[in-house]
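Asker: model the following, please.
(one chain, ligands or ions: 1)
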Amino acid sequence: MSPIDESYDLVVIGGGAAGFFAAINCAENYDGARILILEKGRQPLAKVRISGGGRCNVTHACFDTATLTQYYPRGSQELRGPFSRFQPADTLRWFEKHGVMLVAEADGRIFPASNTSQTIIDCFLGAAGRNNIAIRTQCAVETLQPAEKGFELGLRQGGRLFARFVLLASGGDPGSMQLAVSAGHSLAPPVPSLFTFHVQDPRLEGLSGLSVDPVEISLPAARLSQRGPLLVTHWGVSGPAVIRLSAWAARYLHEQNYRAQLTINWLPGERPEEISAALTAAKQHTPRQQVATHAPFPALPARLWRRLVQASGMGADLTWAEATRGQLRTLGEQLSCASFTLQGKSAFKEEFVTCGGVPLREVDLRTMHSRVCPGLFLAGEVLDIDGVTGGFNFQNAWTTAWLAAQEIALRLEKSSYFSAPPMPRDG
Ligand SMILES: Cc1cc2nc3c(=O)[nH]c(=O)nc-3n(C[C@H](O)[C@H](O)[C@H](O)COP(=O)(O)OP(=O)(O)OC[C@H]3O[C@@H](n4cnc5c(N)ncnc54)[C@H](O)[C@@H]3O)c2cc1C
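Answerer: Numbers count the residues shown, from 1 in each chain. Predicted coordinates for the structure are as follows:
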């Protein structure tokens, strides 16, 4: 076996959001730590660059810990403790302290004031440089083996490194999750979250671009539903309600091979009996008007109303007086619980996260220290934590990375853990 090429206090596997945040916080807490970030891609922080449509939705203006956890289909309960120590308010302070102004939009999403993810990248690269954090790109870690007082890491392009501590921050890539398995962890099988639904249905044909807000969209068999805006697309339905439902139902839908029955309540603000009463009233008060052109629900887009009327067996010329009780009952059902067949999924603006990863019971959530492999820490999407869209996934990366960094710095501070004298610092 070849000799060890280099030795570090901390090697971070993965030059993404969690990896950089942990490395910087560790260096800032323990002066002189020898830290190396290994990134298999050509560029570090590639996902940060493309995130939020190039603007990087850094976090969300939700400062109540209990409320915040509700945005995480996986990790909700477990994140209470971590968020009590580092939450979006801390993220704002951290970036401000590092020269980045963040601003909240009306819907709560928080972006850099510059409106470009490059600001976050510049901030991280600048802080890494100031703290002498070494960054090596196109350098994939292939093996991770516990060794005496640390770890040996094998690189795909050859060479071996020694690390006193390792932070696994390799993201949702299922291949790299095997590094956690090789360290003794199990895996909640990784499957995609945050996607749009394929639905081919005559009621939606030609309505692409139409938005209805709010709807309630449900997967009755999974007893899951979400309320919010829905957007009709060329291939089915998208929009916040759909994306959120995809996250909560990620595992169920994967098991169903993305085939399932959906229901949409187009008027979630009205009870079914109120809808039925409104239809009966329209029949009584506007008998000569055509059903297709005189809807008693002004908020519902006219084009959608016409499709639902048609789907209830009523022709374009049918008047309210001519509509039978059975047709009105069917129309009531189309309005309050229209059934659709889910036929597949697509990526949402190329944005997705991985549901699954290292189970949280295998990690000490106060420190992100592995419970099965001493000296190994985990942060970010490699953990079985994922949030809905809106900045929650980065917040998970910041929080878990920050916790890991505090603990690693603390351990490094205890000289008995220190493997070698600190490297001389530049300047
Ligand atoms: C298009 C898109 C847009 C998004 N926009 C947002 C947003 O605006 N707001 C938000 O909150 N979330 C967003 N997300 C989700 C968010 O980007 C992720 O949750 C977050 O990046 C996770 O951070 P991470 O550091 O855990 O993983 P990553 O950012 O994925 O970083 C992991 C890094 O590890 C590297 N790596 C993997 N294996 C190895 C290995 N063996 N050796 C060396 N390196 C390795 C990878 O190349 C990668 O660079 C978006 C996701 C996508 C895909």
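
Asker: going by C-alpha atoms from here, please, whenever you check contacts or count neighbours.
Answerer: OK.

Asker: look up which residues are beta-bridged to L153.
Answerer: L144, L161 (DSSP bridges).

Asker: low pLDDT regions in the protein?
Answerer: Along the chain, the model assigns pLDDT under 70 to residues 1-2, 415-427.

Asker: try 80
Answerer: For the chain, residues meeting the criterion pLDDT under 80 lie at 1-4, 348-351, 415-427.

Asker: let me see the domain layout of it.
Answerer: With domains defined by automatic domain parsing, the chain comprises 6-191+351-417, 195-349.

Asker: pick the most buried one from these.
Answerer: Most buried of the domains of the chain, by mean neighbour count (mean count of other C-alpha atoms under 10 Å): domain 6-191+351-417, with a mean of 20.

Asker: any chance of the domains of the chain in CSV, plus distance to the ligand?
Answerer: Putting those into CSV (distance: least, C-alpha to the nearest ligand atom, whole Å) gives the following:
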stretch, distance to the ligand
domain 6-191+351-417, 3
domain 195-349, 7
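
Asker: where exactly do the strands run in the stretch 151-300 of the chain?
Answerer: All strands of the stretch 151-300 of the chain, identified by DSSP state E, counting those that start in this stretch, fall at 160-168, 188-193, 195-198, 211-219, 224-232, 236-238, 260-265.

Asker: A104: which of the ones you listed is closest?
Answerer: strand 224-232 (20.1 Å; C-alpha to C-alpha).

Asker: and the angle from the closest one to strand 260-265?
Answerer: Counting by axes from the mean of the first three to the mean of the last three C-alpha atoms, to 10 degrees, strand 224-232 lies at 80 degrees to strand 260-265.

Asker: gap between A188 and R329?
Answerer: From A188 over to R329 the distance is 45 Å, taken as C-alpha to C-alpha, to the nearest Å.

Asker: can I get the strands of the stretch 151-300 of the chain in CSV with distance to V48?
Answerer: Putting the strands of the stretch 151-300 of the chain into CSV (distance: least, C-alpha to C-alpha, whole Å) gives the following:
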stretch, distance to V48
strand 160-168, 18
strand 188-193, 18
strand 195-198, 19
strand 211-219, 29
strand 224-232, 26
strand 236-238, 23
strand 260-265, 33
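
Asker: which one of those strands lies nearest to E6?
Answerer: strand 160-168 (5.1 Å).

Asker: distance between that closest one and the chain's centre?
Answerer: 28 Å (C-alpha atoms, centre = their mean, to the nearest Å).

Asker: C-alpha coordinates for that strand, PDB please?
Answerer: Taking Å, rounded to 0.1, in the frame of the first residue of the first chain, the C-alpha atoms of strand 160-168 are listed here in PDB:
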ATOM      1  CA  ARG A 160      -4.100   8.600   0.100                       C
ATOM      2  CA  LEU A 161      -4.700  11.200   2.700                       C
ATOM      3  CA  PHE A 162      -4.900  11.100   6.500                       C
ATOM      4  CA  ALA A 163      -7.600  13.100   8.300                       C
ATOM      5  CA  ARG A 164      -8.000  13.400  12.100                       C
ATOM      6  CA  PHE A 165     -11.700  14.200  11.400                       C
ATOM      7  CA  VAL A 166     -13.800  13.800   8.400                       C
ATOM      8  CA  LEU A 167     -17.000  15.700   7.500                       C
ATOM      9  CA  LEU A 168     -19.100  13.800   4.900                       C
END
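
Asker: which stretches of the stretch 51-200 of the chain form helices?
Answerer: 65-69, 80-85, 88-97, 118-130, 174-182 (DSSP state H, counting those that start in this stretch).

Asker: CA atoms of stretch 301-315 as PDB?
Answerer: Listed next in PDB are the C-alpha coordinates belonging to stretch 301-315 (Å, rounded to 0.1, in the frame of the first residue of the first chain):
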ATOM      1  CA  PRO A 301     -60.900  30.700 -14.300                       C
ATOM      2  CA  ALA A 302     -63.600  30.700 -16.900                       C
ATOM      3  CA  ARG A 303     -61.700  28.300 -19.200                       C
ATOM      4  CA  LEU A 304     -61.400  25.700 -16.400                       C
ATOM      5  CA  TRP A 305     -65.100  26.200 -15.500                       C
ATOM      6  CA  ARG A 306     -66.100  25.400 -19.100                       C
ATOM      7  CA  ARG A 307     -63.900  22.200 -19.000                       C
ATOM      8  CA  LEU A 308     -65.500  21.000 -15.800                       C
ATOM      9  CA  VAL A 309     -69.000  21.700 -17.100                       C
ATOM     10  CA  GLN A 310     -68.100  19.700 -20.200                       C
ATOM     11  CA  ALA A 311     -66.700  16.900 -18.100                       C
ATOM     12  CA  SER A 312     -70.100  16.800 -16.200                       C
ATOM     13  CA  GLY A 313     -71.900  15.900 -19.500                       C
ATOM     14  CA  MET A 314     -73.300  19.300 -20.300                       C
ATOM     15  CA  GLY A 315     -73.000  20.800 -23.800                       C
END
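
Asker: chain center to it: distance?
Answerer: Distance, centroid of stretch 301-315 to centroid of chain: 36 Å (C-alpha atoms, centre = their mean).
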